[in-house]
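[1] pasting the sequence and the predicted coordinates here, then a few questions.
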Amino acid sequence: MRIGIVGAGAMGGLFGSKLADAGMDVVLIDTWNEHVSAINEDGLRVRTPDGDRSVTHPTATTDPAEVSSVDVVIITVKTDATVDALEAATPIIDAETIVATFQNGFTAHETIPDRIDTGTFVGGTTRHGARVVEPGMIVHDASAETVVGNSDNGGNQLAEILTTAGFEMKSTSDIRPYLWDKQFISIGVKPTAALTGHVNGDLVEFDAAAEVLEELVSEADRVREAKGINAITTNPVAMVKAFCRTNPDHVSSALEDVRNHRKTEIEHINGAVARYGEEAGVPTPYNQVVTDLVTAKEHQYTNQPSRSNG
């Protein structure tokens, strides 16, 4: 089984390491030269918070043209890079290829099916947590269920492959309820962390931050209901708060993006909730405001706007 991972960062590295460790022929494709070089020279190193370490040796490259067609392509790039990633991956996708996504947000699940001319799309979501700490090394922070959709056409096959690699898997005919259930955490945590600078535990410890988190998730749940998508969790606010308390020291990727002057994925998470709410006639003032505020914060370091003399 030959598998291409497009985006070899935290989540791509985690999938790649576990699949390679299970004996799969894995190729990691990424634009980060230092990361690719470190993987090829010293292997892909994975560490858990408990200190357990493993090393696997998948092939890594910055040039998809060097890779022949694969059985499975897993897209794990930042959501803004989805279109470019798909264009770069075209040489490795043929009619038999499963093209899967485990990206943050909602929009990749809309973009990818419209952008691939061949292959079978499988949407997915995972609650695993990981982060890159240096070129060639990731930390696997949390293990949890991974869900794939399109169970009748590619999803079951992908679930079997990932089960072989040690993932706890579920396959479903409708990924949307699971996608929303996972994104409730991102909807509440990411913008609140990015704007306050708080780690997860502090987001529910301080009343002001907790109130914003609650409103963000509550708005999103009303949008989900208006869209006719079934609920997995009956009380998503309580679920998100429990997640924060269980992982009190975790630094949200959105906060890491802001600290490192990178663009966040807020537009594809809270921004998407606001757009869906407008379409469904559901007010989403909190989601719209945090999207605007985080986007304005990004302008401080990505594209400083000119100041008016007026």
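    Here it is on my side, so go on.
[2] when you work out contacts or count neighbours from here on, use the C-alpha atoms and nothing else.
    Noted.
[3] quick check: next helix or strand after the host helix or strand of Val27?
    Here Val27, judged by DSSP states H and E, is contained in strand 25-29. The helix or strand immediately downstream of strand 25-29 is helix 33-42, counting by DSSP H and E.
[4] go through that following helix and flag the buried ones.
    Buried residues in helix 33-42, defined by neighbour count with 16 or more other CA atoms under 10 Å: 35-40.
[5] other SSEs contacting the helix or strand following that helix?
    Sequence-wise, the next helix or strand downstream of helix 33-42 (DSSP H and E) is strand 44-47. Strand 44-47 sits against helix 10-21, strand 53-56, strand 137-142, with contacts defined as 3 or more CA pairs under 8 Å, 6 or more residues apart in numbering; DSSP states H and E.
[6] what strands flank strand 44-47, and is each parallel or antiparallel?
    Using DSSP bridges, the strands paired with strand 44-47 are strand 53-56 (antiparallel), strand 137-142 (parallel).
[7] pull the CA atoms of the first one into PDB?
    Below are the C-alpha coordinates for strand 53-56, written out as PDB (Å, rounded to 0.1, in the frame of the first residue of the first chain):
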ATOM      1  CA  ARG A  53       9.900   8.200  21.500                       C
ATOM      2  CA  SER A  54       9.800   6.500  18.200                       C
ATOM      3  CA  VAL A  55      11.500   7.000  14.800                       C
ATOM      4  CA  THR A  56      10.200   6.000  11.400                       C
END
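[8] tell me what the following helix or strand past it is packed against?
    Downstream of strand 53-56, the next assigned helix or strand under DSSP H and E is strand 59-61. Under the contact definition 3+ CA pairs under 8 Å, 6+ apart, strand 59-61 sits against strand 25-29, helix 33-42.
[9] right, and these - which one's nearest Asn287?
    strand 25-29 (33.4 Å; CA to CA).
[10] any idea how far the residue nearest to Arg53 when sequence neighbours are not counted is from Thr164?
    Of all residues not flanking Arg53 in the chain, Arg47 sits nearest, at 4.5 Å (CA to CA, 6 or more residues apart in numbering). Distance, Arg47 to Thr164, using CA to CA, to the nearest Å: 20 Å.
[11] so what sits opposite Ile75 in the bridge?
    Counting by DSSP bridges, the residues bridging with Ile75 are Val6, Thr101.
[12] number of residues surrounding it?
    Number of residues near Ile75 (other CA atoms under 10 Å) recorded here: 26.
[13] my guess is it meets Ile3, correct?
    No - using CA atoms under 8 Å, Ile75 makes no contact with Ile3, being 11.0 Å away.
[14] let me know the helix or strand that Leu213 is in.
    helix 207-226.
[15] right, I mislabeled it, should have said Pro49
    With DSSP H and E as criterion, Pro49 is part of no helix or strand.
[16] what pLDDT does the model give the closest residue to it other than its chain neighbours?
    Sequence neighbours aside, Asp141 is the residue nearest to Pro49 in space, at 6.1 Å (criterion: CA to CA, 6+ apart). The model reports Asp141 with a pLDDT of 83.
[17] so what's Asp141 up against?
    Contact analysis of Asp141 by CA atoms under 8 Å, 6 or more residues apart in numbering lists 48-49, 128-131.
[18] tell me the most packed of those, by neighbour count.
    Within the contacts of Asp141, most neighbours by other CA under 10 Å means Ala130, with 22 neighbours.
[19] let me know the secondary structure of that one.
    Secondary structure assignment for Ala130 (DSSP: H, G, I helix; E, B strand; the rest coil): strand.
[20] please name the nearest non-neighbouring residue to it.
    Counting by CA to CA, 6+ apart, the residue nearest Ala130 is His140, at 4.4 Å.
[21] what's the local residue count around the one you found?
    The number of residues packed around His140, counting by other CA under 10 Å, is 22.
[22] Ile161 versus that one, what's the distance?
    The gap separating His140 from Ile161 is 20 Å, by CA to CA.
[23] show me the domain layout of this structure.
    What automatic domain parsing lists as the domains of the chain is 2-173, 177-301.
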